[in-house]
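# coords please:
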Amino acid sequence: MGNCQSEPVQVVVEDCLDRSSTAVWDDATAAKWLPKDVHQRFKECLMTGEPTRESDRAVIAEAMFKWARGLGATDFAHWFFPMRGGGGAVGGCVGAFKMDTMIDLEWSSPEANKPFKATLPADRLFQGETDGSSFPNGGLRVTHSAAAFTTWDRSSPPMIVDKVLRIPCSFVTHTGKCIDDKTPLLRSSDAVHREGLRLLTAMGMAKGAKAIHSFLGWEQEFFVVHAAHFKARPDLVNCGRTLIGALPTRNQQMDLNYFGPVPDRVERLMVILKEEMLKMGSPMAVRHNEVAPAQHEMCPIYSVCNASADSNALFMEIANREAGRLGLQVLFHEKPFAGINGSGKHANWSMGTDTGLNFFHPGKDDESRTIYTTAIACLAHGLCQYNELMRCAVAHAGNDHRLGAQEAPPAIISLYPGQGFEAHVDSIIAGGALLGYKAEKKMQSTGCKASMAVEANSEDRNRTAPFPHCGNRFEFRAVGSSQNCSFPVMICNVVMAAGMAHLADQLATGKKLRDCVAEMYKTNRHVIFTGNGYSAEWPEEAKKRGLPNLNTTPKALATFNCAKNKAIFQKLKVYEADETDARAEVMYENYNTTLAIEAKTMIHMMETGILPACAKDLQKYTNCKALVGDREQVYGSIKAGTQKLKEVLSKVPHSIQEEATYYCDVVKPQMVALREVVDTTEGLLESGLYPYPTYETLLYSHHH
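Take a look at the predicted model:
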């Protein structure tokens, strides 16, 4: 017999990678469905800002309609992002939309009762109208004059979500004022493009670049609990966080959860999320357990900042939907559980040209290294001169539980470019060349034969810094998990554009680049810090340097609409003065409303749950006083503490700023004091009398 060796049979199974980007109208899809000239003109309009010509709109709408119908879509929706804020929203930063069926009347029909047809009218694809008074607007709208408009963000691709064509949009008033998170981000992206090209031209570098983009890669942390237990906790339902609750004996102190095996039901949720996001064009790449029990993280590969921010909002929406189908609940609050790590949303932010040059990567030639050193000088200028503004980017009630708490960066905003680069900055200030820094990666031996040496970055990372360099980007680590990425990234763009504008202005006077960069580093040197941001010494050192420590939201918000910030917003065409004031008012309202809901929820839980449980517990000791211990005193303290909380709530001032300060300095401390007594009580009550699911139940029951 001959040697008959058959070819191996390959079984092809379709999976999420085969279905990726099948439900998104991205550039590749548009190229397939549009005539070449229409597609090219559409892309040119994105570069120039010119409106898409009317004839092209009709072609695009018809093509998008046929594509969407082929995927089963029967409706479309303009998807926009009101200034709803973070820190209190149980569902996170979900967007807003209303659904319209893909139909229109046959206007050419002579009949009075005109028939309708399936279609996507071009005018309704590109623009919509809705009521603007029922969304947070900071006084930019009034009830009796409330028209507001949605207009397609042409640089963020539409996608099919639950058979609805979802169209990402800006949201502006009848007079063009922005009342959303997306529009300021788009304006700031324009500022980065405009000031970045102006700077490169002044430097005589990267001459082939026609556009500069800012990019975002988000890391979304969240908790997952059993839906039934979530619904049994009024604090979770109303506030997104637990207002009371004692730590279980085993929580995160043994470091068992981080990168550990994901519980089966949560893994099913995360796989579904990955598949859905891939299908809609978001390159969801990573999922794992986080530090705290029941805490997890997912993140995509970076993309252009506005599209990436949209994908994050979509992720949070889909996470809530899919969790409910599995009997779970996702918590996006920054601090759902006291005593264990809270959740952030690290914003990995970078800038680059359309030719592939990354402003925050040293590169391999003198030009890219010069741009790198110059770019960090611009960033240092922005972070230093507009330090308070950067702090405001992450100021809200939920984040006040995290910042400076040894689990998130301090509330002091500083820049970490790496210790080696810090030495290079001092060299430049002393008269050295811009090209003195060498970002050389190093091979580090593992000390064993089986594992090869690893290539280590030229600079180590600093997880205690709010704004550390990470090889080819900066990571804004202070962003809260419930926030819309658009606002903090907008601020990143603004401070960077401010630095680039300043340097371009200096170069326009005829000064040399080296001298201008050296002066910028010298002026802003004190914002660069490469030490331990968690140390007790850093706040004292920061104070000596003149860096503000705005450790609460009211302190931060008091600086947001100051004259200096209004001026830079106006100069960069991001906010007009009244839009800045409006944003400040909305942030105050969000903070005050969040704290009011929390305080009232706590009182409700005391009076309807905790105090009745205490009374039942005391009854069991009627005939055995020797065992009652100090229960009567402790339980009485709950009653007294609840009454005191009611009293301080009745004295809340009416001025929006005074109200925020009062909630922060008076109401919150009383809530903390009351919680301490209640959490002590949890350890005294007979097992089964505690009226709500405990931390142990919440954190572990869905694991099995």
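
# Nearest residue to M277 in space, please, no chain neighbours.
M284 (4.1 Å; Cβ to Cβ, 6 or more residues apart in numbering). For every residue, glycine as well, the C-beta is placed using N, CA and C.

# and that neighbour, how many neighbours?
23 (other Cβ atoms under 10 Å).

# wait, isn't it in contact with E297?
No. Counting by Cβ atoms under 8 Å, E297 is not a contact partner of M284; they are 11.6 Å apart.

# picking up where we left off before, quick check: bridge partners of the residue nearest to M277?
P300 (DSSP bridges).

# If you count neighbours, what's buried in the lengthiest helix in the chain?
Scanning the chain for the helix with the most residues, using DSSP state H, yields helix 577-605. Neighbour-count burial for helix 577-605 flags 579-592, 594-599, 601-603, 605 (criterion: 16 or more other Cβ atoms under 10 Å).

# ok, the residue nearest to M277 - contacts?
273-274, 277-278, 298-300, 315 (Cβ atoms under 8 Å, 6 or more residues apart in numbering).

# Can you list which of those residues are found in strands?
In this view, those that belong to strands under DSSP state E are 298-300.

# from the residues you listed, which single one is nearest L17?
Using Cβ to Cβ, P300 is the member of these that lies nearest L17, at 14.2 Å.

# which of the contacts of M284 count as buried?
273-274, 277-278, 298-300, 315.

# dump the residue contacts of the most centrally placed residue in the chain.
For the chain, the residue sitting closest to the mean C-alpha position, by Cα atoms, centre = their mean, is C485 at 3.2 Å. Counting by Cβ under 8 Å, 6+ apart, C485 touches 93, 216, 218, 305, 308-309, 312, 345, 347, 479.

# let's see it at 10 Å
Counting by Cβ atoms under 10 Å, 6 or more residues apart in numbering, C485 touches 93, 181, 185, 216-218, 220, 305-306, 308-313, 345, 347, 349, 476, 479.

# Find the nearest non-adjacent residue to it, please.
For C485, the spatially nearest residue (Cβ to Cβ, 6+ apart) is A309, at 4.1 Å.

# May I ask you to confirm that the one you found belongs to a helix?
Yes. Judged by DSSP: H, G, I helix; E, B strand; the rest coil, A309 forms part of a helix.

# hang on, isn't it packed against D180?
No. Look at A309 against D180 with Cβ atoms under 10 Å: they stay out of range, at 11.4 Å.

# what's the overlap in contacts for the two?
Joint contacts of A309 and D180 (Cβ under 10 Å, 6+ apart) are 81, 484, 486.

# Most neighbours out of these, which is it?
Tallying neighbours with other Cβ under 10 Å puts N484 at the head of those, with 30 neighbours.

# how much space between the nearest residue to it once chain neighbours are set aside and V586?
Closest residue to N484 apart from its sequence neighbours, by Cβ to Cβ, 6+ apart: C93 at 3.7 Å. As judged by Cβ to Cβ, to the nearest Å, C93 and V586 stand 14 Å apart.

# Report the set of residues contacting both of those two.
With Cβ under 10 Å, 6+ apart, C93 and V586 have common neighbours 82, 84-85.

# Please tell me which one of those counts the most neighbours.
G85 leads the shared contacts of C93 and V586 on contacts (other Cβ under 10 Å) with 25 neighbours.

# so can I have CSV of the contacts of M284 showing pLDDT and distance to D26?
As requested, these are exported to CSV (pLDDT from 0 to 100; distance: Cβ to Cβ, whole Å):
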residue, pLDDT, distance to D26
L273, 97, 20
K274, 97, 18
M277, 97, 14
L278, 97, 13
M298, 97, 21
C299, 97, 20
P300, 97, 14
F315, 96, 17
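
# Can you say which two of those are spatially most distant?
L278 and C299 (13.1 Å).

# Does S282 lie in a helix or a strand, and which?
Under the criterion of DSSP states H and E, S282 resides outside all helices and strands.

# measure K620 to A613 for me?
For K620 relative to A613 (Cβ to Cβ), the value is 11 Å.

# Now do the domain split for the protein, please.
27-179, 187-241+255-437+459-575, 591-701 (the TED database).

# For D56, which non-adjacent residue is spatially closest?
In space, D56 is closest to V38, 5.0 Å off (Cβ to Cβ, 6+ apart).

# whoops, N358 was the one
G352 (4.6 Å).

# Run through the bridge partners of that neighbour.
Bridge pairing for G352 - DSSP bridges - gives H213, N358.

# In this structure it contacts H361, no?
Yes. Applying Cβ under 10 Å, one finds G352 in contact with H361, separated by 8.6 Å.

# which residues are common contacts for the two?
472-473.

# T22: which of the ones in strands among the contacts of M284 is nearest?
T22 lies nearest to P300 out of the ones in strands among the contacts of M284, by Cβ to Cβ, at 16.6 Å.

# So L434 is in contact with A375, correct?
No. The criterion here is Cβ under 10 Å, and L434 misses it with A375 at 11.3 Å.

# quick one: which of those two has more around it?
Using other Cβ under 10 Å as the criterion, L434 and A375 rank with A375 on top: 23 against 20.

# hang on, H346 in a helix?
No. Applying three-state DSSP, one finds H346 to be strand, outside a helix.

# Secondary structure class of the residue nearest to it when sequence neighbours are not counted, three-state.
Spatially, and ignoring its direct neighbours in sequence, H346 is nearest to E219 (4.2 Å; Cβ to Cβ, 6+ apart). At E219 the chain is in strand, as set by three-state DSSP.

# Test my guess that E219 contacts P300.
Yes. Using Cβ under 10 Å, E219 is in contact with P300, at 9.2 Å.

# residues shared between the contacts of those two?
286, 312.

# re earlier: wait, which of the buried ones among the contacts of M284 is closest to A380?
Nearest member of these to A380, counting by Cβ to Cβ, is C299, at 27.0 Å.

# quick one: pLDDT of the residue lying closest to the closest one once chain neighbours are set aside?
Leaving aside its chain neighbours, C299 sits nearest to E219 (4.2 Å; criterion: Cβ to Cβ, 6+ apart). Per-residue confidence (pLDDT) for E219: 97.

# Can you give me the neighbour number for E219?
E219 has 20 nearby residues by other Cβ under 10 Å.

# backbone phi and psi for L165, please?
Note on L165: backbone dihedrals following degrees, to the nearest 10 are phi -70, psi 110.
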